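Undergrad: Okay, here's the prediction I keep looking at, along with the sequence it came from:
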Amino acid sequence: MKIEQFEDKNLAHYSYAVLSDSTREIVLIDPSRDPQPYYAYAKEHEANIVGVIETHPHADFISSHLQIQHEIGANIFTSISMNPDFPFTPFDEGTVLEVGKLRFKPMNTPGHSPDSISIVLEHDGKDRAVFTGDTLFIGDCGRPDLREQGGNSGLKREALAKDMYHSLRDKLMPLDNEVIVYPAHGAGTLCGKSLSKASSSTIGEEKATNWSLQEMSEAAFVTELTADQPFIPKYFPYDVDSNKKGAPEFAESLEKVARGQKINNLEKALLLNEQIVIIDTRDAAAYKKEHLRNSINIMDGEKFETWLGALIAPGDPFYLAAENEDALSRLTERVAKIGYEPFIKEAFVLDFGTESSADLDMKRFKEQPSAYTIVDIRNQPEAESQPVFKDAINIPLPELSNRLNEIPTDKPIVVHCAGGYRSAAGSSLLENSLNADVFDLSERIKEFTEGH
């Protein structure tokens, strides 16, 4: 038996390939959008992929389960509660998938979603590992508030938090302490709030250290779990629906994205539809030097997908601009990881601008901060626990475009976050929207926070 963990660091996502040595067969768990790494792994080990298990319909990334089914005939296993639109094998408590000497045993563990399952892996008659999806993380458990849509009270966060309480205690905690815990996400995901940086653990370690497995009442657990959850990006409900339907083939979908000519002069820039927002992925210095009107500077960084899906609603067209062809190809693939590639109006390399962003006079700002309107675009718990500037207006970046009327424009505006990545996006958004001078404090925020 061999368990291989695959990591997509940008989405803090873990997927798995479980190999049966005796039959040279592989079962995948929660695969990402691009199936090629799994195909390469199977080829390397002279094995066949025979099954794909989905622990639930994921909100933060698009899975390749349907593509794998179409291309190699692997069966998809998931809870009947998921009610997907594609052919699948119901995989709920009481059923078993046997592959050689391996037995995959599902447990219904609602809480993060009503259709979540965890998979216990048995080898030679002993439970060896459990794949917990978004139910149990290392140091945390899954958030219960991602399915609050429509009028189904069964999907309200309090009800799902109660389900999570019992799933953890009745299903996962009784497993042997030596059982290895393999979650679908690590630190940085928005599917939980305080995950460890570790990529695996054991049931015993989690019972000793994970807050969600400590002795407490159901009411206390619900209160703690539902408090201070991070924001929900606009793309999350869209990805849940997309994963229930099954996504189109990855490479084929990428080929359909329109690639425009390099924009390096005014004539080419004027061909763009000025009503469509430009996602400019260049670094902040290049953006501030010159950019096009109606641009948002979401830099090519680890959280690019998250902020794209937080600021752009599903179905809204956008241009994708990058500094060179390699970056453009890579970022287009990352856009597809959250299923947004159909919304790209055109992707192009950008080396031109009609606008520039003024640089903040740091000496004056430090001497007279009250001469500026300071907008703190960190999340509310961040801003409250670590205030930086007195009288700063806290509007988290995902809420910024809907709360413009709360920002006075009678003074120059300074935007800051915790490190400079979000403030690049936030200041560019405000530049487009407000009739005022807008400055990005950028990485210089550290001059006010380090050592304090």
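TA: Looks like it arrived, so ask away. Numbering: from 1, shown residues only.

Undergrad: can you give me the helices for the stretch 201-350 of the chain?
TA: 203-209, 218-226, 235-245, 250-255, 266-269, 284-289, 304-311, 325-337 (DSSP state H, counting those that start in this stretch).

Undergrad: which residues touch the shortest one?
TA: With Cβ atoms under 8 Å, 6 or more residues apart in numbering as the contact definition, helix 266-269 has outside contacts at 261, 262, 263, 292, 352, 354. The C-beta positions use only the backbone N, C-alpha and C, and glycine is treated the same way.

Undergrad: Can you verify the fifth one is assigned to a strand?
TA: No - per DSSP: H, G, I helix; E, B strand; the rest coil, residue 352 lies outside any strand segment and is coil.

Undergrad: related to what we said a few turns ago, please identify which of the helices of the stretch 201-350 of the chain is closest to residue 429.
TA: helix 304-311 (7.4 Å; Cβ to Cβ).

Undergrad: Wait, residue 86 touches residue 63, no?
TA: No - using Cβ atoms under 8 Å, residue 86 makes no contact with residue 63, being 11.0 Å away.

Undergrad: The two: who's more crowded?
TA: residue 63 (26 against 14; other Cβ atoms under 10 Å).

Undergrad: Can you give me every residue that contacts the more buried one?
TA: Shown in contact with residue 63 (Cβ under 8 Å, 6+ apart): 30, 31, 32, 33, 54, 243, 247.

Undergrad: from the residues you listed, which is closest to residue 133?
TA: Nearest to residue 133 among the contacts of residue 63 is residue 30, at 6.6 Å by Cβ to Cβ.

Undergrad: got the contact list for that closest one?
TA: Contact partners of residue 30, counting by Cβ under 8 Å, 6+ apart, are 13, 14, 15, 16, 53, 54, 55, 58, 63, 131, 133, 184.

Undergrad: just to revisit the earlier point, arrange the helices of the stretch 201-350 of the chain in a markdown table, one row each, with mean pLDDT, distance to residue 449 and mean neighbour count as further columns.
TA: Compiled in a markdown table, the helices of the stretch 201-350 of the chain are given as follows (pLDDT from 0 to 100; distance: least, Cβ to Cβ, whole Å; neighbours: other Cβ atoms under 10 Å):
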| stretch | mean pLDDT | distance to residue 449 | mean neighbour count |
| --- | --- | --- | --- |
| helix 203-209 | 97 | 29 | 17 |
| helix 218-226 | 97 | 28 | 16 |
| helix 235-245 | 96 | 30 | 19 |
| helix 250-255 | 98 | 40 | 14 |
| helix 266-269 | 97 | 38 | 13 |
| helix 284-289 | 97 | 18 | 18 |
| helix 304-311 | 97 | 21 | 23 |
| helix 325-337 | 98 | 29 | 19 |
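
Undergrad: Format those as TSV; extra columns: distance to residue 102.
TA: Listed next are these as TSV, based on distance: least, Cβ to Cβ, whole Å:
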stretch	distance to residue 102
helix 203-209	19
helix 218-226	33
helix 235-245	25
helix 250-255	28
helix 266-269	57
helix 284-289	49
helix 304-311	33
helix 325-337	29
